[in-house]
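have a look at this prediction, sequence included:
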Amino acid sequence: MFLYSQNISFPVFLFTQNFNEDNRRLRIEYVIYDNVRLPILHPRSVYNNIRTLSVKKVDTLSLLSDDSFITACDEFVNLCEIPSSEDKESIAIDFSALTLYKMGLKAVKNGDVKYRKSRSELCGCDSEQDFAAKLFGIRLGFRLLMDDPQTMQRLIQYGRIIMADLLRHDKRDPTDFYTAYDRMIVFISDENNLETILEELKSRRVESTNLWDSLFDLIILDAFEDFQRPPAAISALVRNSFISKSMKESTLNNLIWSMIKVKRQRLQVVPFQVKDGFISHFYDISLILTSSLAMGLFGGSDREYQDLCFYLKEQIFGFILEIFNPNKVRFTRKEDLAEDIKKLLFDRLELLKVKLLNELLPT
């Protein structure tokens with residue numbers, strides 16, 4: 001969900017090493033380039049091995065992070081760690097030639113780059129400064145994309161098609177999703193709602209109203225963080241082989257409905273929150289999608305649907321790694337970066353669309 005306003009080759013050798021420690025898979029490919037060994041972590045490996053950090057939830061919209069729910073759960077699943085920054089091999093890049101990156105470093109030094117949550121490790125950055133400098137340029141690139149009505153309309157259609165097809169593969173009727181999604185698009189496309197949306201996002205500590213901050217950071221990454229470390233009660237429910245799938249779905253749906261009810265009540269008392277605003281529309285969509293994604297990502301659905309959910313996750317995290325990688329995008333001018341981000345984004349979305357189209361729907 002995002003704000004939309006018209007106004008406003010050269011690898012010589014490639015080899016793979018596979019590690020298996022306590023059934024935790026990590027696949028690393030190495031490219032030998034100019035006598036330098038460069039590691040490439042696969043998206044599934046990178047995401048599935050995210051380090052668990054004891055960090056405070058920062059104004060998240062994710063349903064599974066609600067305080068009243070977490071207090072009812074006694075523990076979280078343990079996640080294996082990815083190598084620390086000291087263990088990573090440094091990739092030599094001439095950042096002096098990257099004008100936009102240097103502008104970002106200057107902005108960071110001046111304290112002008114703020115963000116609600118650090119994603120430096122997840123995005124494959126060397127440091128907080130490196131993450132912030134790249135984020136500076138990425139925000140400018142996304143802003144250019146948002147100023148292009150054709151690009152935004154194409155993105156909206158991809159989101160509608162992909163999520164509806166995913167629901168069909170889970171044997172769910174996407175009609176309610178279409179209704180909720182279309183209402184959200186109508187709401188955010190109305191410039192009369194812009195001020196309300198900005199206030200709502202500001203209350204969630206969203207520092208910049210672009211696709212990175214309002215879609216990827218606030219919604220998608222927060223949601224996948226909670227999907228990756230579900231509360232023990234949810235994990236036990238979904239993975240219990242003695243409980244039927246229909247019973248799991250019914251219980252999960254009831255829980256999600258209860259959580260959204262509590263969150264909607266908060267919208268009426270919390271400053272800058274609107275009963276029928278952006279966040280309320282987001283909850284409408286979450287009510288439809290969350291249980292389906294939870295079943296797929298927690299291992300409670302058919303293997304075919306689980307694979308599709310993991311494929312969705314891989315494409316999202318693969319895209320995020322790419323846009324923070326100077327070997328994949330040009331941190332030279334905002335126009336160059338926007339062009340590269342656009343190509344990478346739509347390439348990933350097309351892969352998702354084709355994958356869902358080619359997979360046989362369950363009978």
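Okay, I see it. Being a predicted model, the structure only gives us computed values, none of them experimental.

now do Lys134 against Ile323, distance only.
For Lys134, the distance to Ile323 equals 8 Å [C-beta to C-beta, to the nearest Å]. Heads up, the C-betas are built off the backbone N, CA and C, glycines and all.

neighbour count for these two, which is higher?
Lys134 (28 against 21; other C-beta atoms under 10 Å).

so which bits of the helix or strand where Lys261 lies are buried?
Applying DSSP states H and E as the criterion places Lys261 in helix 245-267. The neighbour-count check on helix 245-267 (16 or more other C-beta atoms under 10 Å) flags 248-249, 252, 255-256, 259-260, 263-264, 267 as buried.

per-residue confidence averaged over that helix?
Model confidence over helix 245-267, given as mean pLDDT, is 78.

list the helices and strands that helix packs on?
Packing partners of helix 245-267 (3 or more C-beta pairs under 8 Å, 6 or more residues apart in numbering; DSSP states H and E): helix 67-70, helix 232-239, helix 278-298.

those helices: lowest mean pLDDT?
Across the helices and strands packed on helix 245-267, helix 67-70 has the smallest mean pLDDT, namely a mean of 43.

gap between Phe187 and Ser214?
13 Å.

higher neighbour count, those two?
Counted by other C-beta under 10 Å, Phe187 and Ser214 do not tie: Ser214 has more neighbours, with 24 against 18.

sorry, back to before: save the helices and strands packed on helix 245-267 as TSV, and put in mean neighbour count too.
Converted to TSV, the helices and strands packed on helix 245-267 look like this (neighbours: other C-beta atoms under 10 Å):
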stretch	mean neighbour count
helix 67-70	13
helix 232-239	17
helix 278-298	22
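
in which helix or strand would I find the residue nearest to Leu211 when sequence neighbours are not counted?
Nearest residue to Leu211 in three dimensions, chain neighbours excluded: Phe142, at 4.3 Å (C-beta to C-beta, 6 or more residues apart in numbering). Assigned by DSSP H and E, Phe142 belongs to helix 128-146.

in that helix, what's buried?
130-146.

let me see the ranges of the helices in this protein.
In the chain, the helices defined using DSSP state H lie at 43-48, 67-70, 99-109, 128-146, 149-169, 175-189, 194-203, 211, 222-228, 232-239, 245-267, 278-298, 303-323, 334-358.

columns distance to Glu121 on top of those, output as JSON lines?
Listed next are the helices of the chain as JSON lines, based on distance: least, C-beta to C-beta, whole Å:
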{"stretch": "helix 43-48", "distance to Glu121": "10"}
{"stretch": "helix 67-70", "distance to Glu121": "23"}
{"stretch": "helix 99-109", "distance to Glu121": "17"}
{"stretch": "helix 128-146", "distance to Glu121": "9"}
{"stretch": "helix 149-169", "distance to Glu121": "27"}
{"stretch": "helix 175-189", "distance to Glu121": "31"}
{"stretch": "helix 194-203", "distance to Glu121": "24"}
{"stretch": "helix 211", "distance to Glu121": "21"}
{"stretch": "helix 222-228", "distance to Glu121": "12"}
{"stretch": "helix 232-239", "distance to Glu121": "24"}
{"stretch": "helix 245-267", "distance to Glu121": "28"}
{"stretch": "helix 278-298", "distance to Glu121": "21"}
{"stretch": "helix 303-323", "distance to Glu121": "11"}
{"stretch": "helix 334-358", "distance to Glu121": "20"}
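
tell me the pLDDT of Lys353.
In this model, Lys353 carries a pLDDT of 96.

and the gap between it and Arg160?
From Lys353 to Arg160 the distance is 11 Å (C-beta to C-beta).

what does Met247 give?
Distance, Met247 to Arg160, using C-beta to C-beta: 30 Å.

do the same with Ala107
35 Å.

do you know how far Ile288 is from Arg172?
8 Å.

do the same with Phe298
Applying C-beta to C-beta to Phe298 and Arg172 gives a distance of 16 Å.

just Met146 next, same as before
31 Å.

returning to that earlier point: send the alpha carbons of the helix holding Lys261 over as PDB?
C-alpha atoms of helix 245-267 as PDB (Å, rounded to 0.1, in the frame of the first residue of the first chain):
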ATOM      1  CA  LYS A 245      -6.400 -28.000   8.100                       C
ATOM      2  CA  SER A 246     -10.000 -26.600   8.300                       C
ATOM      3  CA  MET A 247      -9.800 -26.500  12.100                       C
ATOM      4  CA  LYS A 248      -6.400 -24.700  11.900                       C
ATOM      5  CA  GLU A 249      -7.700 -22.200   9.400                       C
ATOM      6  CA  SER A 250     -10.900 -21.600  11.500                       C
ATOM      7  CA  THR A 251      -8.900 -21.100  14.700                       C
ATOM      8  CA  LEU A 252      -6.400 -18.800  13.000                       C
ATOM      9  CA  ASN A 253      -9.100 -16.800  11.300                       C
ATOM     10  CA  ASN A 254     -10.900 -16.300  14.600                       C
ATOM     11  CA  LEU A 255      -7.600 -15.100  16.200                       C
ATOM     12  CA  ILE A 256      -6.800 -12.700  13.400                       C
ATOM     13  CA  TRP A 257     -10.400 -11.300  13.500                       C
ATOM     14  CA  SER A 258     -10.000 -10.700  17.200                       C
ATOM     15  CA  MET A 259      -6.700  -9.000  16.800                       C
ATOM     16  CA  ILE A 260      -8.000  -6.700  14.100                       C
ATOM     17  CA  LYS A 261     -11.000  -5.900  16.200                       C
ATOM     18  CA  VAL A 262      -8.700  -4.700  19.000                       C
ATOM     19  CA  LYS A 263      -6.500  -2.700  16.600                       C
ATOM     20  CA  ARG A 264      -9.600  -1.000  15.000                       C
ATOM     21  CA  GLN A 265     -10.700   0.000  18.500                       C
ATOM     22  CA  ARG A 266      -7.300   1.600  19.000                       C
ATOM     23  CA  LEU A 267      -7.700   3.700  15.900                       C
END
